[in-house]
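A.B. asks: Quick one, fold the following:
(one chain, ligands or ions: 2)
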Amino acid sequence: MKAYWFDNLPGDQREPHDSGREVSPEYLSKLGILHYNYPSLDSVNALATSRSYKNRDEITISPTALGAVYDDKIKAFFAEHLHEDEEIRYILDGGGYFDVRGQDDDWVRIKLEKHDLMIMPAGIYHRFTTDTQNYTKAMRLFQDEPKWTPLNRGEGTEGNQYRVAYVKQRDGGVAA
Ligand SMILES: CSCCC(=O)/C(O)=C/O
Ligand SMILES: [Fe+2]
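C.D. replies: Ligands and ions are numbered 1, 2, ... in the order given. Okay, here's the model as predicted:
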């Protein structure tokens, strides 16, 4: 895993877009992002149990696996959105980038590789893309229903109760 500020330059979303400015694990944890490297599924299972996760699935995101819909799929994942539940993503093979919004609304890019596991809080604005390998195989762990439900930013998300609670927690309990 490596985290850095996104460079905001135009170009293919799958390129690194590395500004050269690293983001520390402390800052990520302030945003509510936790990261582990788990070579064994035993650790993933233990974490899932400790956080009461009930469901999981596996997804392969590649032109071979998805065929003609690959481009549409990575466009959909790259639209800025939030989820109303905490989510765990565990990279089984390949890699990819999660971009999450920092406190000043700038993008932090998180590069995930095989055996990286990330916990993302409910309410954080984010997006995902494959990298230039065009191959991500991931386990998605869900606290409840095994459903990927994105709420795109701007469609009433500012007043969403999970968004409001997330911002309050992130900013130390002081409403913005
Ligand atoms: C790498 S898992 C697929 C993407 C995903 O689950 C998600 O929530 C993108 O924002
Ligand atoms: Fe998402």
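A.B. asks: after the longest strand along the chain, next one along is what?
C.D. replies: The longest strand of the chain (DSSP state E) is strand 87-101. Per DSSP states H and E, the first helix or strand lying C-terminal to strand 87-101 is strand 107-113.
A.B. asks: Give the pairing partners of that following strand; include direction for each.
C.D. replies: strand 2-6 (antiparallel), strand 87-101 (antiparallel) (DSSP bridges).
A.B. asks: Need the residue closest to the centroid of the chain.
C.D. replies: The structure's the chain has its C-alpha centroid closest to Phe98; by CA atoms, centre = their mean the separation is 4.4 Å.
A.B. asks: and the residue lying closest to that residue once chain neighbours are set aside, how many neighbours does it have?
C.D. replies: Using CB to CB, 6 or more residues apart in numbering and skipping residues adjacent in sequence, the residue nearest Phe98 is Ile110, 4.6 Å away. Heads up, the C-betas are built off the backbone N, CA and C, glycines and all. A count of nearby residues for Ile110, using other CB atoms under 10 Å, gives 25.
A.B. asks: Also the one 5 residues further on?
C.D. replies: For His115, the number of neighbouring residues by other CB under 10 Å comes to 18.
A.B. asks: That one and Lys2, how far apart?
C.D. replies: 14 Å (CB to CB, to the nearest Å).
A.B. asks: what's the answer for Asn152, then?
C.D. replies: Noted for Asn152: a distance of 27 Å to Lys2, by CB to CB.
A.B. asks: ok, now Gly172?
C.D. replies: Gly172 is 27 Å from Lys2, by CB to CB.
A.B. asks: of all the strands paired with strand 107-113, which lies closest to ligand 1?
C.D. replies: Closest to ligand 1 of the strands paired with strand 107-113 is strand 87-101 (CB to the nearest ligand atom; 5.0 Å).
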